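Novice: quick one, structure for this:
(4 chains)
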There are 4 protein chains.
Amino acid sequence: MCRLLAWNGAPRYLEDLVFVPEHSLVHQCRNALICKTPINADGFGMAWYSDRPEPCLYKDTHPAWSDPNLAQISRHTKTGLFLAHVRASTGTATSRNNCHPFASGKWSFMHNGQAGGHMKFRKRLDTMIPDAFYNHRLGGTESEAIFLIALGLGLDADPIGAVAGAVQQVEAVSRENGTTPHMRFGACWSDGTRLYAARYASDRHAPSLYYRVYKEGVIVTSEPLDSDTGSWIEVQQNRALVVEGGEVMDLPFASAMAA
Amino acid sequence: MCRLLAWNGAPRYLEDLVFVPEHSLVHQCRNALICKTPINADGFGMAWYSDRPEPCLYKDTHPAWSDPNLAQISRHTKTGLFLAHVRASTGTATSRNNCHPFASGKWSFMHNGQAGGHMKFRKRLDTMIPDAFYNHRLGGTESEAIFLIALGLGLDADPIGAVAGAVQQVEAVSRENGTTPHMRFGACWSDGTRLYAARYASDRHAPSLYYRVYKEGVIVTSEPLDSDTGSWIEVQQNRALVVEGGEVMDLPFASAMAA
Amino acid sequence: MCRLLAWNGAPRYLEDLVFVPEHSLVHQCRNALICKTPINADGFGMAWYSDRPEPCLYKDTHPAWSDPNLAQISRHTKTGLFLAHVRASTGTATSRNNCHPFASGKWSFMHNGQAGGHMKFRKRLDTMIPDAFYNHRLGGTESEAIFLIALGLGLDADPIGAVAGAVQQVEAVSRENGTTPHMRFGACWSDGTRLYAARYASDRHAPSLYYRVYKEGVIVTSEPLDSDTGSWIEVQQNRALVVEGGEVMDLPFASAMAA
Amino acid sequence: MCRLLAWNGAPRYLEDLVFVPEHSLVHQCRNALICKTPINADGFGMAWYSDRPEPCLYKDTHPAWSDPNLAQISRHTKTGLFLAHVRASTGTATSRNNCHPFASGKWSFMHNGQAGGHMKFRKRLDTMIPDAFYNHRLGGTESEAIFLIALGLGLDADPIGAVAGAVQQVEAVSRENGTTPHMRFGACWSDGTRLYAARYASDRHAPSLYYRVYKEGVIVTSEPLDSDTGSWIEVQQNRALVVEGGEVMDLPFASAMAA
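Specialist: Numbering: from 1, shown residues only, chains lettered A, B, ... in the order given. Okay, the predicted model is just below:
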């Protein structure tokens, strides 16, 4: 499984969270504590928001720790809203187009999880992507498909419901054509203002997801970044978060799905 | 436009054709003489046949002339049948998955040309790829789509007719949804024994295609490799070649299409 | 020969100069007008200054036009001082470590030119690099050697004299051990506040170098970026520039050398 | 520490040893059993011998398991003599030029270990490389320096003594200018006919090194490739191997050093 980390708050250097802390994302590339895949070295990606409405995407297939450009940019770029991801492939090829986050217009999206057996129903997923967003289909992951399907379901109008609906649709395809687990889903997404996150699974084993509220902002992450574990709040299964202005709203995700 | 080169004959080092001659493929990367795009630096690829039935694929997004691994492998690998390609993108992203040749089982395929407006009908092309070959859809080019559609039309049974049929289908989609030129097609493909090639266009401007017969074998190429231009035979528009055992058969391609 | 471009003035997006104008640096990669090497595709680099004293370095071996990360970062990064470079190798390998700009502490440096026969006296150049800066010797170019030797000669105290001295030393080694032209030198360098540039050759053929003063700042470049050629001022051979606060000082470079 | 593997015997596919076995080199990239660095993902390299006297070098900075070209070439290339290496950096940058094996003329060389504090005496090592081999100095590792110094000491005439002498020289520099451990050395090298290996340390902790004799040839490796541990013979500290024609000679390495 992959590792992910997001920040919404006061502007700060990317490296403060990506490289520096005890269990920073780059550290997790080599030594993830909670998840089962010990190495996350099948690519890396970041999306951050600057003055423009759309995010800046930086993605590469090298391990995060060996990319000198990433170290430089993380050290020199300040932002109040960013998503970062390290990938451990569940079958799809290592290629920049399969690295998270994905982006379209103002939206960015990253995912840790899988839809069981997705290599068996890739074509089916592709047909579910609306025509208007098909030229954003650059890779072959089910994660990107969920994002593009959610865009078609109205991500702008209902940022949680649209993602829940897309997850539901893809889970249904896995139930029909795939294998268990039909859906494992830990994700963060953003429109450049709010940060959204959700934790869900078709069984009892949703990917881990935590957040922590600081005076300067909020971190959402697949794994606590330090050993002060009491300060990290675990997101419950089937729940979604909306992070804005230092506040975290905790909402149902599954019922959004039923809607 | 891209440049392509293929050999069928006695085993020889890849570098003999890819790096050495006056107008070798790597030289053409920088200075194509005939085609309109002067630089072909959006990736490189080779497929060659060894003892195994399926080809060995080597593809990368660096310019061919600056890839030290390519220089090494070309210098040390001998083969009697290979396809080599340098890419100049017509819109699709520079990524290894968009580099030619493409391969599936024993087949390899490379293409120089385009289906006009293919970014408008990518989804339509994807739905035309048979389910059985969909997991070979790794990139987003219309070239790869033509190859996978041809596999579905029975490339094994009718190597020229299946490609002609795929070209016809994709051209029809471009006529319906795309822009002119609806089809420009210069291609080589192989099953590991025979080398096939074809030259076709929906207008009068098919991509250039030449061949030359040597005592040791046959070269098919988008452009003569040396200034001995009298020895290079231009493939006529709407014609296909079958190269085997040092012999070249020149067959109609368009009528195969009508079949 | 390589192409280079630098800006000192009001903060602006990197892409405004690197991607957008008529003869932007990325355009020059494919179609340099003045220089003799038509393609500059052996790597790309940028150094820009943000809030930190040292520059941010982004360098890669892909052609500038095919690097999606470069396009993203150029579109989202604003800076008042940057150096950008596209490389056409004069013999040294294509590797990130041979891409310009080079950096050490607050200093950045990029170069267009060569010291004739430098492959014959690489070891000699290496021994001329002071111990204190040897761990900044990452590649094998004479350009990086000039920069590190200049650091040793006191770049902080005498930014033009130290570079002139280093050029003089390397030219002397080429006269002793190398080939003509012993020195071709067009370069820009910066401490994060001022932008320096110089044009010099051991013969009459110094690399081209121009600048243009706008209301918002100053561009220094190897080639005018637009067809309004009357607005671009050619730097004369053996002259150096100091750009600060929208002003350009034009100083002797050769006499600095004699100092 | 790095992992290494070499074969001398009947021609076989590279993938048979690099990808297939229980503890193949690519498997060791992710899960080394004996060594202390659990991940070896800072680059990969192979040198193999074909019809030409000099080896074919394939090296890249991606993790071995995510390089599709490596998988293809390993599957299609047969050779009777090859060296393969996965790198875990001990400080020097991740770059192709720092990946093993290194090659010069007919010789190839790869190393697992370090000279303590080599970043402090890089310049000193560079000055020890003979002029004649200086243009083969492409990276900054002490491993490459040992190889080039050994070439200068007469690798052709005394393949073990020259390497032992180079190790001794570099160890002496570390004793004078570096840190402990002054030398850890597990290495394989070849002239295209014989395979050489050695295990040495300035303390009691030489890098692990094993070999196994099969009917078809001999494997030398940093770690047994399967759980049949009784069949793997540990090379003793301060010993060298010469492998030729299915025979393994076990010789002193330290005394060669004194010579």
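
Novice: contacts and neighbour counts: CA atoms only from here.
Specialist: Noted.

Novice: tell me which element A:V26 falls in.
Specialist: helix A:25-31 (DSSP states H and E).

Novice: next: A:L4.
Specialist: When secondary structure is defined using DSSP H and E, the element that contains A:L4 is strand A:3-13.

Novice: again, but for A:Y196
Specialist: strand A:195-201.

Novice: partner strands of that strand and their direction?
Specialist: Here strand A:195-201 is paired, per DSSP bridges, with strand A:184-190 (antiparallel), strand A:239-244 (antiparallel).

Novice: for the residue nearest the centre of chain A, what are its contacts?
Specialist: If you average the C-alpha coordinates of chain A and look for the closest C-alpha using Cα atoms, centre = their mean, you land on A:M110, 2.4 Å from that point. With contacts defined as Cα atoms under 8 Å, 6 or more residues apart in numbering or on different chains, A:M110 is in contact with A:L4, A:L83, A:A84, A:H85, A:H100, A:P101, A:F102, A:S143, A:A187, A:C188, A:W189.

Novice: got the confidence number for it?
Specialist: The confidence metric pLDDT takes the value 97 at A:M110.

Novice: how about the strands in chain A?
Specialist: The residue ranges that make up the strands of chain A, judged by DSSP state E, are A:3-13, A:44-48, A:56-60, A:78-86, A:102-104, A:107-114, A:184-190, A:195-201, A:210-213, A:217-221, A:233-234, A:239-244, A:247-252.

Novice: quick one: the closest residue to A:G217 other than its chain neighbours and B:A172, what's the gap?
Specialist: Taking Cα to Cα, 6 or more residues apart in numbering or on different chains as the measure, A:G217 lies nearest to A:G9, with 3.8 Å between them; neighbours along the chain are not counted. Going from A:G9 to B:A172 by Cα to Cα, to the nearest Å gives 52 Å.

Novice: also A:S174?
Specialist: On the measure of Cα to Cα, A:S174 and B:A172 end up 34 Å apart.

Novice: more crowded one of those two?
Specialist: When neighbours are counted by other Cα atoms under 10 Å in any protein chain shown, A:S174 and B:A172 differ, and A:S174 comes out ahead with 22 against 15.

Novice: who touches the more buried one in this structure?
Specialist: A:A115, A:G116, A:G117, A:H118, A:F121, A:T180, A:H182, A:M183.

Novice: how does it look with 10 Å?
Specialist: With contacts defined as Cα atoms under 10 Å, 6 or more residues apart in numbering or on different chains, A:S174 is in contact with A:A115, A:G116, A:G117, A:H118, A:K120, A:F121, A:L125, A:Q168, A:T180, A:P181, A:H182, A:M183.

Novice: the stretch 51-200 of chain A against chain C: which residues are in contact?
Specialist: Counting by Cα under 10 Å from any Cα of the partner chain, the residues of the stretch 51-200 of chain A close to chain C are A:51-52, A:54-60, A:68-78, A:96.

Novice: restrict those to the buried ones and give me that as a PyMOL selection.
Specialist: Taking 16 or more other Cα atoms under 10 Å in any protein chain shown as the burial criterion, the selection of buried members of those in PyMOL is written as:
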select buried, chain A and resi 54+55+56+57+58+59+60+68+69+70+71+73+74+75+76+77+78+96
